[in-house]
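Visitor: task: produce atomic coordinates for the following.
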Amino acid sequence: MTLAEALKIHLRAHVGLSALVNQRVHQGKLPAKCALPAVAFKRISHVPAAHTMVKDPSLTRQRWQISSWAKTPDDAEAVDDQVRAALRDHMGLIGGEGGVTIQRAFLESTSGPEEDEDTGYQGVKSDYDIGVD
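Guide: Numbers count the residues shown, from 1 in each chain. Sure, this is the predicted structure:
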């Protein structure tokens, strides 16, 4: 299982987040005319093990941007709060059996809420540094 697949399963399984977005967690961009609120995520960088400055050569670091979308700024922030609850400082297996073991999901930065010019949706974008075995 890839980290992207495991993240999708993990986020969809989080009770607080699924109460807001149901199963609307998407890799890449939101689908056209997607119901809101919803979450989209993508990997924005990957640091090979040789450059992570850790003793374990199998550990890599990946930065993932997780965007929380809604009709209002307050709703987008509420979704982002639940993404944080699902991921911040999380360690261990995600995605269930056959999933991916992460060393730590560290929240690096958050921006927004801000309006998307094309859709009018309100979005909050949070970047996570995730260490992966």
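Visitor: what's the distance between the top helix by length along the chain and the middle of its chain?
Guide: Longest helix in the chain by number of residues, with DSSP state H as the criterion: helix 73-87. Relative to the chain's own centre, helix 73-87 is displaced by 11 Å; criterion: CA atoms, centre = their mean, to the nearest Å.
Visitor: for it, packing partners?
Guide: Under the contact definition 3 or more CB pairs under 8 Å, 6 or more residues apart in numbering; DSSP states H and E, helix 73-87 sits against helix 3-13, helix 15-21, strand 38-47, strand 60-70, strand 100-115, strand 122-132. All C-beta atoms are positioned from the backbone trio N, CA, C, and that covers glycine.
Visitor: residues of it that come out buried?
Guide: 75, 76, 77, 78, 79, 80, 82, 83, 84, 86, 87 (16 or more other CB atoms under 10 Å).
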